[in-house]
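K.L.:
Sequence and predicted structure below; questions after.
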Amino acid sequence: MIGRHYIIRGHVQGVGFRYFVARHARAFGLAGWVRNLPDGSVAAHAAGAASSLDAFESELKRGPTMSQVDEVSVTPADIPVETGFVILT
C-alpha cells in the first residue's frame with residue numbers, strides 16, 4: 001500500500017468534482033479524502049495499491065463532464081490511518 005497526494009487545477013469547483021473523486025476512489029478501494037482549496041483547485045489524498053492509484057489518477061485527469069482539468073500534480077504521501085474515502089468541507 002502506498003499513498004499519493006494530488007492537486008487538481010482547472011475548472012474543478014462547482015461541477016461535482018469532489019463527488020466524482022470520492023465515487024472513483026471508493027470503486028478502486030482507496031482510503032483518503034478530497035476537498036476544495038481556496039485558490040479554486042481541489043486536493044485529494046489517497047492510499048491503496050499502486051495499480052488502483054494509477055487508475056484513480058487517470059480518472060482525475062478526465063474529471064466529470066462539466067469540469068476542465070488543466071493539471072494534476074502528484075506527490076508521494078503518508079498512508080492515512082483511517083479507512084474509507086471522505087469528502088472534507
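P.N.:
Cool, the structure landed. For clarity, every value in this text was computed on a predicted model and none was experimentally measured. Numbers count the residues shown, from 1 in each chain.

K.L.:
What does the pLDDT read for the nearest residue to G48 once chain neighbours are set aside?
P.N.:
Nearest non-adjacent residue to G48, counting by CB to CB, 6 or more residues apart in numbering: L30, 4.1 Å away. (Each C-beta comes from the backbone N, C-alpha and C, glycine too.) At L30 the predicted local confidence, pLDDT, stands at 97.

K.L.:
contacting residues around L30?
P.N.:
By CB atoms under 8 Å, 6 or more residues apart in numbering, the residues touching L30 are 46-48, 52-53, 56, 85.

K.L.:
Now, of the residues you listed, which are buried?
P.N.:
46-48, 52-53, 56, 85 (16 or more other CB atoms under 10 Å).

K.L.:
quick one: which of those sit in strands?
P.N.:
Per DSSP state E, strands hold the following members of these: 46-48, 85.

K.L.:
where in the chain is pLDDT low?
P.N.:
The chain contains no residues with pLDDT under 70.

K.L.:
ok, the residue nearest to G48 to M66 distance?
P.N.:
Shown here: L30 relative to M66, a distance of 23 Å by CB to CB, to the nearest Å.

K.L.:
Count the neighbours of D78 for me.
P.N.:
Here the number of neighbours of D78 (other CB atoms under 10 Å) works out to 10.

K.L.:
That one and V69, how far apart?
P.N.:
From D78 over to V69 (counting by CB to CB), the distance is 25 Å.

K.L.:
Tell me how many other residues crowd the closest residue to G63 other than its chain neighbours.
P.N.:
Excluding its sequence neighbours, the residue lying closest to G63 (CB to CB, 6+ apart) is V69, at 4.4 Å. When counting by other CB under 10 Å, one arrives at 17 neighbours for V69.
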